[in-house]
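>>> pasting a predicted model and its sequence here:
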Amino acid sequence: MRIVRLGESAWILRDLGDRRPYEVVRSIAAAGLDGVSEAVPALQSVGVYGEPDLLDPDALIAAATGSDGSGAQAKSHTIPVCYELGEDFVAACDRLCLTTSEFIELHTGAEYACEAIGFCPGFPYLSGLPERLVGLPRMEVPRVRVPAGSVALAYDQAGIYPLERPGGWWLIGRTPLTLVDVEDRYFPIEPGDRIRFAPISEGEYEARRGERL
């Protein structure tokens, strides 16, 4: 693992070995280092922000490679998905040579890990996509508007658009749940959390619209 200075009050940890970035963040938090105000996981690195006069780079590396403590239990979430509302669901099935039933069985049969939050508030980048669902490229022409709650795939990742945003991933379903409330600072999904998906009908989607995760 190595540390790279980024400006006056930020550092990046790279070459994390076999540790996930969110695991490194938990280790840093458990150490309670002086001078560290925040550690943020990305997909392959960790950003650290703090006070340069107080932060000891050697101590930071030691903390980052240490135990993540006893209180770092990952949360588990089950996200209901109406696949019929996915604008690209049928096209994705065709491209991957799967029936709709096979696609849903694969997608709901896996457990995913939230590797990082990014792009927009609360957007979880999820690893763990089954091999037979891997390979959908980003759209050549991104959508100007992706509905909030859209469940999406691109390459070997899954994600959920918690807010209406432009986007270029394949939309394979939609959840009725509210995953983010910026004003209330409601962000229930965090890096390291485990996610599973469960199929629901359009009727259940309407009945549960706006329900919080």
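Noted; the coordinates are in hand.
>>> any stretches of the protein with poor pLDDT?
For the chain, the stretches flagged by pLDDT under 70 are 68-73.
>>> that one: strands as residue ranges?
2-5, 10-14, 36-41, 46-50, 76-81, 112-117, 124-127, 143-146, 150-154, 157-161, 165-167, 170-174, 194-199 (DSSP state E).
>>> could those strands go into a markdown table alongside distance to residue 183 and mean neighbour count?
Backbone N, C-alpha and C define where each C-beta goes, glycine included. Below are those laid out as a markdown table (distance: least, CB to CB, whole Å; neighbours: other CB atoms under 10 Å):
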| stretch | distance to residue 183 | mean neighbour count |
| --- | --- | --- |
| strand 2-5 | 35 | 12 |
| strand 10-14 | 28 | 17 |
| strand 36-41 | 21 | 18 |
| strand 46-50 | 24 | 21 |
| strand 76-81 | 21 | 18 |
| strand 112-117 | 18 | 22 |
| strand 124-127 | 20 | 22 |
| strand 143-146 | 21 | 13 |
| strand 150-154 | 21 | 24 |
| strand 157-161 | 18 | 23 |
| strand 165-167 | 17 | 17 |
| strand 170-174 | 23 | 26 |
| strand 194-199 | 24 | 17 |
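>>> now for those, which one comes closest to residue 91?
strand 170-174 (7.5 Å; CB to CB).
>>> what helices or strands is that closest one leaning on?
With contacts taken as 3 or more CB pairs under 8 Å, 6 or more residues apart in numbering; DSSP states H and E, strand 170-174 sits against helix 89-95, helix 100-109, strand 150-154.
>>> which of those is buried the deepest?
Mean neighbour counts were taken over those using mean count of other CB atoms under 10 Å, and the top value, a mean of 24, falls to strand 150-154.
>>> domain map for this structure?
Domains of the chain are assigned by automatic domain parsing as 2-64, 76-208.
>>> residue 67 touches residue 28, doesn't it?
No. Applying CB atoms under 8 Å as the test, residue 67 and residue 28 come out as separate, 11.2 Å apart.
>>> have a look at those two and say which one is more surrounded.
Neighbours per residue (other CB atoms under 10 Å) separate residue 67 from residue 28, with residue 28 holding more: 21 against 11.
>>> which residues are in contact with the more buried one?
36, 39, 46, 48, 60, 63, 64 (CB atoms under 8 Å, 6 or more residues apart in numbering).
>>> how about the fourth one, nearest residue that isn't a chain neighbour?
Closest residue to residue 48 apart from its sequence neighbours, by CB to CB, 6 or more residues apart in numbering: residue 11 at 4.6 Å.
>>> wait, the one you found sits on residue 60?
Yes. Contact criterion CB under 8 Å: residue 11 and residue 60 qualify, at 7.2 Å.
>>> which neighbours do the two share?
Residues touching both residue 11 and residue 60 (CB under 8 Å, 6+ apart) are 3, 48.
>>> so how far is residue 150 from residue 163?
Applying CB to CB, to the nearest Å, the value for residue 163 to residue 150 is 10 Å.
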